[in-house]
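Chemist: Pasted the sequence and its predicted model underneath.
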Amino acid sequence: MVRVVSVFLPTLPTDRIRRADPSIPVETPLVVVARSGSKRWLSAVDANAAELGLHVGMAAAKAQALVQGLHMVDADPVADLAALERLTLWALSQYSPVVAADPPDGIVMDTEGADHLQGGEELMLSGLVNRFRARGLVARAVVADTWGAAFGLARSMTAETRVIPIGKTADAVARLPLSSLRLNAETIVSLRTLGFKTVGDLAVTPRAPLTLRFGPEIGRRLDQMFGRVAEPIDPIRCPEIVEVHRAFAEPIGAAETIAKYIARLVVKLCLELQAKGLGVRRADLIVQRVDNTIQALRAGTAKPVRDVAWLTKLLHDRIERIDPGFGIEKLSLAATLVEPLDDKQIASSLVEDTTVDVGAFVDVLGNRGTYRIYRMAPVASDVPERSIQRVSPVAKEEGQSWPMIWPRPVRLMDRPELIEVMALLPDHPPVWFTWRGKRRRVKRADGPERIFGEWWQRTSEWAAVRDYFTVEDDTGERYWIFRSGDGVDADTGSHRWFIHGVFA
């Protein structure tokens, strides 16, 4: 079943300007001014300006008179479109093989068979919006069965994300405004004059009178929104992407035939990559059927490779996901993510190679949808929760190691949990503590181990300290607890107690 994600960037022009000019104060209202001859109006407003009553279409002179200190920037549609294309190419490398720009303020993606690589549709959308926010961009994202439904919902809601269940498109779009149908402004005004307010009103109206008066466009948009007519997405490509194609005079459909031509495409792709000294990290197979629909498969690798047999196997393992329908007329294979790869001399059989390459194993798990494959690596930090990081399973060793002066628990909690304690300050361990509703009497204890705050990262940690204790209760269970503060000076911490880890 086709699943389409529509990403709406409501304040892309102002967000782009703020990213390009960080000197603009965050609290300053910002608007973009378009002009035609002597006429000037607001073509985009940020959240600060919208709260003050400014809106798109307002005369620039009126806006300037209403808001003192308004920051006005001339519109630059070319720069906005270039920014949208860069974001679309980034989404192509991260989320789906089929991604296209939806100008002037959107991105559309076909995520069929790709959402499992992100942990499911809900996690995919929330992660997408959060990553846009981290780049200073406001985004809303909707996944639905059709492009038209996802487009309309993304531009009509206030929430950041929404997942429309499979088969529930008609119910979801019934109350959408007419503007969500992507009709021209003149048609929308005429429909409102006739009393139509929502998509549901049009959907239950006989088609013939509408077509006679407005032409076929209304019916086509309704059919696209409800999934009665296919609306293929033409995926974006840039000149740097290495891509090979194979078109067929007669459509193909048998699994064996598809596998044969995939193998040939992999050979051609690897030859082109070898000529450029590159290895593929992500390969996308685009399947174009005779009914003008597109399917896509994505295969990723943990490190750059150019192994024909291995890439062929990764793609062959997913052939069962291809639905040829009435036949496939074109296959395309693109290396959407590449890295430099130098040819290495093959090791001699006379020398025993003790290095175990887990890259192939990681590739198999990753392409099956196993979410977040990683390993833990040390970080140079005395603060326990900052002393570890997630890295790629095949990342190179950095030469760092964890300190072994003091014992550390095998399980470190995501967040230290508050506990109730009876202890003699400033340096004595607890006599007992209560954690998760159960009181535990301390039988043995070791400590304190004092850890100072990292003042060079946060000014709030200038005087902060923690005193850690390893304690054992009367049942033999061992815990890692700490007191926030030195037990004397209130500036060093709250003097509350927390449990941070559990020993084996």
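Modeler: Arrived safely.
Chemist: Poorly predicted segments of this structure, please.
Modeler: Within the chain, the stretches with pLDDT under 70 are 1, 113, 115-117, 343-372, 394, 398-404.
Chemist: Show me where this structure has its helices.
Modeler: For the chain, applying DSSP state H gives helices covering 12-20, 47-51, 60-66, 77-94, 121-134, 147-154, 169-173, 185-193, 199-203, 207-214, 217-226, 255-276, 308-316, 359-367.
Chemist: okay, now the domains of this structure?
Modeler: Following automatic domain parsing, one gets these domains for the chain: 1-236, 242-338, 411-502.
Chemist: quick one: which of these is nearest Ile373?
Modeler: Closest approach to Ile373 among the domains of the chain is made by domain 242-338 (8.0 Å; CB to CB). Bear in mind the C-beta positions are built from the backbone N, C-alpha and C, glycine included.
Chemist: Specify the beta-bridge partners of the nearest residue to Ser494 once chain neighbours are set aside.
Modeler: Counting by CB to CB, 6 or more residues apart in numbering, Ser484 is the residue found nearest to Ser494 once chain neighbours are left out, at 4.9 Å. According to DSSP bridges, the partner residues bridging Ser484 are Arg466.
Chemist: how near is Ser484 to Glu454?
Modeler: Distance check for Ser484 against Glu454: by CB to CB, to the nearest Å, it reads 15 Å.
Chemist: can you check Glu51 too?
Modeler: 37 Å.
Chemist: who has more neighbours, these two?
Modeler: Each of Glu51 and Glu454 has its neighbours counted (other CB atoms under 10 Å); Glu454 has more, 14 against 10.
Chemist: about what we covered before: count of residues packed around the residue nearest to Ser494?
Modeler: A count of nearby residues for Ser484, using other CB under 10 Å, gives 18.
Chemist: residue contacts, it?
Modeler: 464, 466, 493-498 (CB atoms under 8 Å, 6 or more residues apart in numbering).
Chemist: ok, of those, which come out buried?
Modeler: Buried subset of those (neighbour count, 16 or more other CB atoms under 10 Å): 464, 466, 493, 495, 497-498.
Chemist: would you put the C-alpha positions of stretch 101-109 in CSV?
Modeler: C-alpha atoms of stretch 101-109 as CSV (Å, rounded to 0.1, in the frame of the first residue of the first chain):
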residue,chain,number,x,y,z
ALA,A,101,10.1,19.2,-3.8
ASP,A,102,6.6,20.5,-3.6
PRO,A,103,7.1,24.2,-4.2
PRO,A,104,6.9,26.8,-2.8
ASP,A,105,6.9,25.4,0.8
GLY,A,106,6.8,21.6,0.9
ILE,A,107,8.4,18.3,0.4
VAL,A,108,6.6,15.0,-0.6
MET,A,109,8.0,11.5,-0.1
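Chemist: For Arg162, see how far away the residue in the chain sticking out farthest from the centre is.
Modeler: No residue in the chain sits farther from the centre than Leu424, which is 49.0 Å out by CA atoms, centre = their mean. Remark: distance between Leu424 and Arg162 (CB to CB) = 55 Å.
Chemist: Could you do Ala91 as well?
Modeler: Using CB to CB, Ala91 is found at 18 Å from Arg162.
Chemist: Those two: which has the busier surroundings?
Modeler: Ala91 (22 against 17).
Chemist: ok, now which ones touch that one?
Modeler: Counting by CB under 8 Å, 6+ apart, Ala91 makes contact with 7, 99, 107, 109, 128.
Chemist: Narrow these to those in strands?
Modeler: 7, 99, 107, 109 (DSSP state E).
Chemist: Let me know the closest of the residues you listed to Cys270.
Modeler: Nearest to Cys270 among those: Val99, at 24.1 Å, using CB to CB.
Chemist: thinking again about what came up before, relative to Leu315, which of the contacts of Ala91 is nearest.
Modeler: Of all these, Leu315 sits closest to Val99, with 19.4 Å by CB to CB.
Chemist: Tell me how far the closest one lies from Leu273.
Modeler: As judged by CB to CB, Val99 and Leu273 stand 22 Å apart.
Chemist: And Arg221, by the same measure?
Modeler: According to CB to CB, Arg221 and Leu273 sit 42 Å apart.
Chemist: ok, now Leu54?
Modeler: 51 Å.
Chemist: do the same with Ala60
Modeler: Look at Ala60 and Leu273: by CB to CB, they are 51 Å apart.
Chemist: what about Val31, neighbour count?
Modeler: 29.
Chemist: thought it was touching Ile17?
Modeler: No. The criterion here is CB atoms under 8 Å, and Val31 misses it with Ile17 at 9.8 Å.
Chemist: Give me the common contacts of those two.
Modeler: Jointly contacting Val31 and Ile17 under the rule CB under 8 Å, 6+ apart are Val73.
Chemist: Tell me which other helices or strands the strand ranked longest in the chain touches.
Modeler: For the chain, the longest strand by residue count, based on DSSP E, is strand 438-452. When contacts are defined as 3 or more CB pairs under 8 Å, 6 or more residues apart in numbering; DSSP states H and E, strand 438-452 sits against strand 430-435, strand 465-473, strand 478-484.
Chemist: any idea which of those strands is most buried?
Modeler: strand 478-484 (a mean of 23; mean count of other CB atoms under 10 Å).
Chemist: Next up, the contacts around the residue nearest the centre of the chain.
Modeler: Most central in the chain under CA atoms, centre = their mean is Leu128, positioned 2.9 Å from the mean C-alpha point. Counting by CB under 8 Å, 6+ apart, Leu128 makes contact with 5, 7, 91, 95, 139, 141.
Chemist: I'd like to know how far it sits from Gly447.
Modeler: Distance, Leu128 to Gly447, using CB to CB: 44 Å.
Chemist: next one: Ala101
Modeler: To Gly447, Ala101 is 58 Å away according to CB to CB.
Chemist: Ile319 now?
Modeler: According to CB to CB, Ile319 and Gly447 sit 59 Å apart.
Chemist: Likewise for Ala254?
Modeler: In terms of CB to CB, Ala254 sits 69 Å off from Gly447.
Chemist: between those two, which one's more packed in?
Modeler: Between Ala254 and Gly447, Gly447 has the larger neighbour count (other CB under 10 Å), namely 18 against 9.
Chemist: Could you measure from that one over to Asp486?
Modeler: When Gly447 is compared with Asp486 (using CB to CB), they lie 13 Å apart.
Chemist: likewise Val26?
Modeler: For Val26, the distance to Asp486 equals 37 Å [CB to CB].
Chemist: Look at the two and report which has more neighbours.
Modeler: Asp486 (21 against 9).
Chemist: wait, isn't that one in contact with Asp467?
Modeler: Yes. Using CB under 8 Å, Asp486 is in contact with Asp467, at 6.7 Å.
Chemist: Return every residue with contacts to both of those two.
Modeler: With CB under 8 Å, 6+ apart as the test, Asp486 and Asp467 both reach Arg450.
Chemist: Go through stretch 14-21 and flag the buried ones.
Modeler: Within stretch 14-21, the residues that count as buried by 16+ other CB under 10 Å are 14-18.
Chemist: no, scratch that, I was asking about stretch 94-103
Modeler: So stretch 94-103, judged by 16+ other CB under 10 Å, has buried residues 94-102.
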